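Chemist: please work out how this folds:
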Amino acid sequence: IDSVACAAAAGRYSYNYYNNRELIANIIPGTCHYDHTEGNFIDTLYYADFYREYRKQTFKTKTEAMAWMNLAITEYYKPVVIAKWKKVSQSSPAVFVSIPEPWSTKTSSYDGVFESTLTAENKLTVMYTDYRGSSEIMMIIRTPNTEKLSIEKVLSWTNRMNPAVDLKTITEVSIGGKTFKSSQNSFMQAMNQWHFWYADDQEIIYINYNLLKDENVRYPEVLKEILKSITW
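Modeler: Reported below is the predicted structural model:
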């Protein structure tokens with residue numbers, strides 16, 4: 001937080017709030033930039049604006065405005081707790097998964113690096129909802145292993161598509177009773193990515209989710225719960 005002296009009101013200040021050097025909110029006195037005087041009226045209110053959730057509020061005192069802002073920021077920058085979940089049952093691709101009640105899914109066809117011969121949609125995208133609307137946060141691709149690719153080849157081809165994928169720190173994790181290879185990496189210093197791969201003679205499964213900036217604080221536990229819920 002920093003304070004900036006008001007140009008048109010001696011002794012008054014506006015307050016800017018930052019997270020990772022990015023401006024996320026401010027509090028401005030009504031008289032800060034203009035005198036706001038009409039007749040005998042002088043605007044003595046304080047205007048608080050929290051950009052992250054497009055939340056605005058007006059207060060009589062600086063103390064009230066700062067208390068509201070501190071609470072809004074604290075509530076926003078903490079892990080999201082989901083009160084209600086819903087089950088999604090999908091036949092193409094065949095997957096069962098639980099997601100937060102406000103979120104949604106969509107299906108599509110992915111014919112990328114795995115060279116599958118497709119007979120139906122093979123990609124499920126999970127969309128999360130916040131103050132900006134809906135955004136993609138996870139995808140699950142379950143597709144025929146037409147070329148009989150080994151798991152090593154699947155990892156290599158994914159790395160060809162996304163060179164940021166770290167193939168040096170591969171671990172194993174069980175998802176829905178299947179053993180997946182897993183890796184995590186950062187992308188362009190702005191995003192954290194998680195990858196999960198499975199391959200046998202019949203199919204390839206690739207799960208990916210990406211978290212940007214604030215999402216790294218708010219949603220990692222939610223994504224872990226979604227992974228735990230997946231069955232095939």
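
Chemist: following whatever helix or strand residue 58 lives in, which helix or strand shows up next?
Modeler: Mapping residue 58 onto the secondary structure by DSSP states H and E places it in strand 55-59. Once the chain leaves strand 55-59, the next helix or strand it forms, by DSSP H and E, is helix 62-76.

Chemist: now do the buried residues in that next one.
Modeler: Taking 16 or more other Cβ atoms under 10 Å as the basis for neighbour counts, the residues of helix 62-76 that come out buried are 65, 66, 68, 69, 72, 73, 76. (C-beta placed from N, C-alpha, C; glycine too.)

Chemist: thinking again about what came up before, which residues touch the strand holding residue 58?
Modeler: Identification of contacts with strand 55-59 by Cβ atoms under 8 Å, 6 or more residues apart in numbering yields 45, 46, 47, 48, 49, 50, 65, 68, 72.

Chemist: partner strands of that strand, with direction?
Modeler: With DSSP bridges as the criterion, the sheet partners recorded for strand 55-59 are strand 46-50 (antiparallel).

Chemist: where does the protein have low pLDDT?
Modeler: With pLDDT under 70 as the threshold, the chain has low-confidence stretches at 33-41.

Chemist: the helices in it, which residues?
Modeler: 62-76, 151-161, 215-218, 220-229 (DSSP state H).

Chemist: how about the second one: buried residues?
Modeler: Pointing back at helix 151-161 there. Of the residues in helix 151-161, 151, 154, 155, 157, 158, 159 count as buried by neighbour count, 16+ other Cβ under 10 Å.

Chemist: what's it packed up against?
Modeler: For helix 151-161, the helices and strands in contact under the criterion 3 or more Cβ pairs under 8 Å, 6 or more residues apart in numbering; DSSP states H and E are strand 191-199, strand 203-212.

Chemist: identify the residues contacting it?
Modeler: Outside helix 151-161, the residues touching it (Cβ under 8 Å, 6+ apart) are 112-114, 149, 165, 167, 170, 181, 195, 197-199, 204, 206.

Chemist: can I get those residues in CSV with distance to residue 226 and neighbour count?
Modeler: Written out in CSV, the entries for these read as follows (distance: Cβ to Cβ, whole Å; neighbours: other Cβ atoms under 10 Å):
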residue, distance to residue 226, neighbour count
112, 22, 13
113, 24, 18
114, 22, 23
149, 26, 19
165, 21, 19
167, 24, 14
170, 21, 14
181, 19, 19
195, 15, 23
197, 17, 21
198, 16, 20
199, 22, 21
204, 20, 25
206, 15, 24
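
Chemist: nearest to residue 83 among these?
Modeler: For those, the minimum distance to residue 83 (Cβ to Cβ) is 29.3 Å, reached by residue 195.

Chemist: that closest one and residue 207 touch, don't they?
Modeler: Yes. At 7.4 Å, residue 195 and residue 207 qualify as touching, with contact defined as Cβ atoms under 8 Å.
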